Each structure stands twice: as structure tokens, then as C-alpha cells.
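# Show me how the following folds:
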Amino acid sequence: MLMRVRFAEASLAVLGVLALLNAGCRKHAGEVASKGGTAESSPVTRVATATPERATVRRTTEEPGQIEAAETTPIYAKLGGYVESVAADIGDKVKKGQVLAVLRVPETEADLKQKRAMIEQAESEKRQDEASVDVAQAGVASAEAKVAEIQAGIRRADADFARWRAEFARIEQLFRERAQTGSLLDETENKLKAAEATREEVRAQVKSAEAALAEAKAHLVKARSDVQTATSHIDVARFEAEHAEAMAGYMKIRAPFDGVITRRAVDTGHLTTPGASGELLFIIVRSDIVTITVGVPENDAPYVNPGDRALVRLQAMEGKTFQGEVTRTAWALDATTRTLQTEIDLPNADDVLRPGLYAYVTIVSEEHKDALTVPATAIVAEGGRNFCVIVEGGHATRREVKLGLSDGKRTEIVSGIREGELVVEANAGSLADGQSVGRIEPPGQATRPKS
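Residues are numbered from 1 along each chain as shown. So this is what the prediction gives:
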């Protein structure tokens, strides 16, 4: 009897365990079914978004460079001579034309004195020739007066000859008519012959006077020619004197422009050698303007032009920045470095900018103000086209856009999206068109749980 009761209790315990196991299996199957239903629905991808903003976008290029003097001139001696004195040293500020050193060249000084004396000699010769012109003019006048006088004598001789010829004809007629004696006829004939001889003599004197006049005129022409020659001699002497003065001027070494002496390599008593093959005397640099030279890479070179704004930052001056603009470019790229030589001139009235300092130059080649921009990471480039992904109604929508400038952080949108739209800020290329997305709230705007 006791064994039957224990068997019944054991059977009831087994049945209870089975019932519990059956209930647990049904609960697990329900949970699995519920989870399977959730997995079949589309997942929501969380994305960071941004709205387009109005901003200034610039195309820039930043390159290292160094400051150089706008002009650097080595100074050599033009003449060979001894240095008499030195008036400048390194670091001295000098003005254009200021004497830096004086040379002693005796032969040049003597040559200058000779050339000046030749001017005085040529001027003296000219005065003599001008006096000869006056004398020749007087001779011509005298000869002309003599010719006129003799020509008057010719007229008197002709008149006298005509009178005695008429008188001889009358007496000869009377003699034929026996009205006059033969002695009167002979006397009249003699006077006629005397008048004819006088006339011939005067005519001969005219030829002599005319020859003398021609000779006087020739002397006048020669005298005037001598004056012109003397004038030419004076000009030649003056040119030679100017040349000598120019050479003597090289005995004083002068500054070619306002600047600073950066090197001195001459002392009193040095013997100079003419030309650039000789010893260097000084180096002078222009200090009122400096030039920053940089090499712009090939990708940026087509956009850099004279007049573009440039910012020059000096590391040696704790990053101090100076504003300027591109002054000139080489236009053609260097075949070795594939860079465009670009120069920026900066005024340096206070001498802060010194040649040799290292500089960083930022060139703003293009600038668009108040442009509609998005983060550069929001741009998706595929197949030669550009897209942005817009979040609309919980779904991703690809929108083709036209781009403008980009500064690497933000990109200008010319067309394709509007202000106020939500643009996927990062990893937009991984989203499919129409995909369900959810916006990730910024940390400051995240919904806090209620207490």
C-alpha cells in the first residue's frame, strides 16, 4: 500500500515537470516569432546632417618663400686707381648719389685738364678765324669799290673816245673841203688815238680789279670755312672734355639708389681693378620695398594673376601677417619644378622686413562672398557628376548639384539645393536613394530622459 502511494506521488511530480517544460517551450517560440517579425522590417540608418550656410569661400594656395630685396647691386670700380677714402660701412643707410668711396687716379685728372685746355685753344682759334672773316669782308668791299671806280673810268674813257672820234670826223671833213689845215687834223687824230689808248687801259684795269675782287671773295669764303672748322674743333674738344669729366667722375664711387650697405670689401689704399672682373667694393640693397618670391604648384598656377590678394606670414615675427598683392608672375611654369614663379612686393618704410627671412604666403586667387555652402564632406562625386544626399520624410534623396569654389572645408553650391534643407554631412556615398534614415541629434540638442 505504501509503495502505491509513493508511486502515485512520483507520477504527479513527473507530470508537473513536463507541464512546466511545455509552457517554457511555448514562451520561447513566441519570443522567436516576435523577433523574426522585427528583423523583416527595414532598418533605420542614423546620419549626421547639416543645413547649407551662407559664407565667404576662397580659392587659396599657401606656399613657403623668402624675403628678397627689390634690388641688390654689387658695386665695382670703373677705373684702376688707389682708394683715397672710404665713407660707408655695412649697415649704413645711404641716399642715391651719396659718395661711398673716393679713388685717386692722377692720369685721369691730367687728361681732364688737357681736354679743358684744348677747348680754350679751339675757342681762341675760332676768334682768330672770325677776325680773318672781318678782314676778308673788308677786302671784298675794297675790291668791289675799286671795280666800281674803274668801271666809272671806263665810262669816262668811252665818252672821251667818242668825243674825239666825232671831232676827228668833223675836222677831217673840213680838211677835205680845205677849210682847215692839215696840222689841226693831225692834232685831232693824235688826241683820238690817245683817248682810245686810255679806254683800252681802263678796260684792262677792270679785268685786274675783277680778279682782285674774286680773290677777296675767295679769301672770305675760306675765312668763313675756317670759322666753321674752328666751331667743329670746339665741339670735338668739348666732347672729349665731357668724356674726360665722365671718367673723372668714376673716381667717386656713388650709391645707385637709396638703400643699405650689406657688404664692404674695400679699405683705404687698395688698388682697384676696373670692371666686374676686379674686386667687389660694396653690395647695396634697396630697403624701402622687398619682394617675396614663391613657387605656385601646377594645379593652382592657372588661377594666380597679378593683383590677387596675398597674405604674408613671418614665422620669425611670431606669425605676424602683412597684406599685399601679387605684383608679377613669370606666366610660364618652370620646366624643372613645374611651379609658377610669383612675386609679391611689399612696402618696407620701417625696415621691419629684412631680406633672407622665411615667409609663408597665402594667395587668394578667387573669392565669392555670401555663397551658399555645405561641408566639403557632404559632396559625393560619381561618374563625373556631383551629388548631395538630402534627408526628406525620413528617407535619403540624392540630389545632383552644381559646385562653385571650395576651400577644403566648405564647398559652394551654385544650384541643386536650397537653404534650410537637411544635407547628410558625412559618408553620404554609402546611402541608397530612398533609404530610411534618422537624424543624429547634436549633443547639445539630444533628448534627455525624464526623471
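
# Look at the residue nearest the centre of the chain and give its secondary structure.
By CA atoms, centre = their mean, the chain has its centre lying nearest to Arg328, at 8.7 Å. Per DSSP: H, G, I helix; E, B strand; the rest coil, the secondary structure class of Arg328 is strand.

# can you tell me the helix or strand for the closest residue to it other than its chain neighbours?
In space, and not counting its chain neighbours, Arg328 is closest to Glu343: 5.2 Å by CB to CB, 6 or more residues apart in numbering. Any C-beta I mention is one placed from the backbone N, CA and C, and that applies to glycine too. Taking DSSP states H and E as the criterion, Glu343 maps to strand 339-347.

# Can you give the distance of the longest helix belonging to the chain from its chain's centre?
Identified as the longest helix of the chain according to DSSP state H is helix 106-176. Between the centre of helix 106-176 and the centre of its host chain there is 67 Å, according to CA atoms, centre = their mean, to the nearest Å.

# So what touches stretch 285-293?
Outside stretch 285-293, the residues that touch it by CB atoms under 8 Å, 6 or more residues apart in numbering are 65-73, 93, 257-260, 262, 310, 312, 324, 327, 341-349, 351, 353-355, 359, 361.

# whoops, stretch 76-89 was the one
94, 98-105, 108, 247, 250-251, 253, 255, 261, 264, 266-276, 278-282.

# cool, stretch 333-343 as well?
291-298, 301, 304, 326-332, 363.

# Pull out the buried residues from those residues.
291-292, 294-296, 301, 304, 326-327, 329, 363 (16 or more other CB atoms under 10 Å).

# which two from those end up farthest apart in space?
Pairwise distances across the buried ones among the contacts of stretch 333-343 peak at 18.7 Å for Thr291 and Ala301 (criterion: CB to CB).

# Alpha carbons of the strand holding Glu343, in PDB - could you do that?
In PDB, the C-alpha atoms belonging to strand 339-347 read as follows (Å, rounded to 0.1, in the frame of the first residue of the first chain):
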ATOM      1  CA  THR A 339      55.900  75.800 -60.500                       C
ATOM      2  CA  LEU A 340      55.000  79.300 -61.400                       C
ATOM      3  CA  GLN A 341      57.400  81.900 -60.100                       C
ATOM      4  CA  THR A 342      55.200  84.500 -58.300                       C
ATOM      5  CA  GLU A 343      56.400  87.700 -56.700                       C
ATOM      6  CA  ILE A 344      54.800  90.000 -54.100                       C
ATOM      7  CA  ASP A 345      56.200  93.400 -53.500                       C
ATOM      8  CA  LEU A 346      55.600  94.900 -50.000                       C
ATOM      9  CA  PRO A 347      56.500  98.400 -48.800                       C
END
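
# mind listing what that strand pairs with, with the direction of each?
strand 289-297 (antiparallel), strand 320-329 (antiparallel) (DSSP bridges).

# Lys369 is nearest to which of the ones you listed?
Per CB to CB, nearest to Lys369 of the strands paired with strand 339-347: strand 320-329, 17.4 Å.

# before we move on, which element is Pro355 in?
Short version, using DSSP H and E: Pro355 is in no helix or strand.

# Once you drop chain neighbours, what's closest to it?
Ala69 (4.5 Å).

# partner residues bridging the one you found?
Assessed by DSSP bridges, Ala69 has beta-bridge partners Val290.

# show me the residues around it that make contact.
Residues near Ala69 by CB under 8 Å, 6+ apart: 259, 285-287, 290-291, 355.

# coming back round to it: using ChimeraX, make a named selection holding only the buried ones among the contacts of stretch 76-89.
Buried residues within those, by 16+ other CB under 10 Å, are selected in ChimeraX with:
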select :94,98,100,101,102,103,105,108,247,250,251,253,255,261,264,266,270,272,281,282
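
# Any stretches of this protein with poor pLDDT?
For the chain, the stretches flagged by pLDDT under 70 are 1-42, 150, 177-182, 185, 442-451.

# who does the longest helix of the chain touch, helix- and strand-wise?
Packing partners of helix 106-176 (3 or more CB pairs under 8 Å, 6 or more residues apart in numbering; DSSP states H and E): helix 182-249.

# and after the helix it packs on, which helix or strand comes next?
That would be, after helix 182-249 and using DSSP H and E, strand 252-254.

# what packs against that following strand?
Counting by 3+ CB pairs under 8 Å, 6+ apart, strand 252-254 packs on strand 99-104.

# Remind me what the strand it packs on packs against, helices and strands.
For strand 99-104, the packing partners by 3+ CB pairs under 8 Å, 6+ apart come out as strand 82-86, strand 252-254.

# now the angle from that strand to strand 82-86?
Strand 99-104 and strand 82-86 meet at an angle of 150 degrees, taking axes from the mean of the first three to the mean of the last three CA atoms, to 10 degrees as the criterion.

# right, so of the strands paired with strand 339-347, which gets closest to Ala145?
When those are compared by CB to CB, strand 289-297 sits nearest Ala145, at 77.3 Å.

# was I right about Glu196 contacting Phe161?
Yes. Under the criterion of CB atoms under 8 Å, Glu196 makes contact with Phe161 at 5.4 Å.

# more neighbours, the two?
The neighbour count for Glu196 versus Phe161, taken as other CB atoms under 10 Å, is higher for Phe161 (20 against 15).

# domain ranges for this structure?
Recorded structural domains for the chain (assignment: automatic domain parsing) are 46-56+370-445, 73-105+255-282, 107-249, 287-368.

# What about Gln341, how many residues nearby?
Counted with other CB under 10 Å, Gln341 comes out at 17.

# Who is it paired with across the strands?
The partner list for Gln341 in beta bridges (DSSP bridges) reads Gly295.

# Please report the distance of it from Gly91.
With the distance defined as CB to CB, to the nearest Å, Gln341 ends up 30 Å from Gly91.

# how about the CA coordinates for stretch 241-248, as PDB?
What follows is stretch 241-248 as a C-alpha-only set of coordinates in PDB (Å, rounded to 0.1, in the frame of the first residue of the first chain):
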ATOM      1  CA  ALA A 241      86.300 117.100 -72.200                       C
ATOM      2  CA  GLU A 242      82.900 115.600 -71.300                       C
ATOM      3  CA  HIS A 243      84.300 112.100 -71.700                       C
ATOM      4  CA  ALA A 244      87.300 113.000 -69.500                       C
ATOM      5  CA  GLU A 245      84.900 114.500 -66.900                       C
ATOM      6  CA  ALA A 246      82.800 111.400 -67.000                       C
ATOM      7  CA  MET A 247      85.900 109.200 -66.400                       C
ATOM      8  CA  ALA A 248      87.000 111.500 -63.700                       C
END
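
# I'd like to check what contacts that stretch. Which residues are they?
Under the criterion CB under 8 Å, 6+ apart, residues 78-79, 105, 108-109, 111-112, 114-116, 118-119 lie in contact with stretch 241-248.

# Show me what counts as buried in it.
So, applying 16+ other CB under 10 Å, buried residues of stretch 241-248: 241, 244, 247-248.

# And stretch 46-54, by the same measure?
47-50, 52.

# What's the end-to-end length of that stretch?
26 Å (CA to CA, to the nearest Å).

# Pull the distance from that stretch to the chain's centre.
That offset, for stretch 46-54, works out to 50 Å (CA atoms, centre = their mean).
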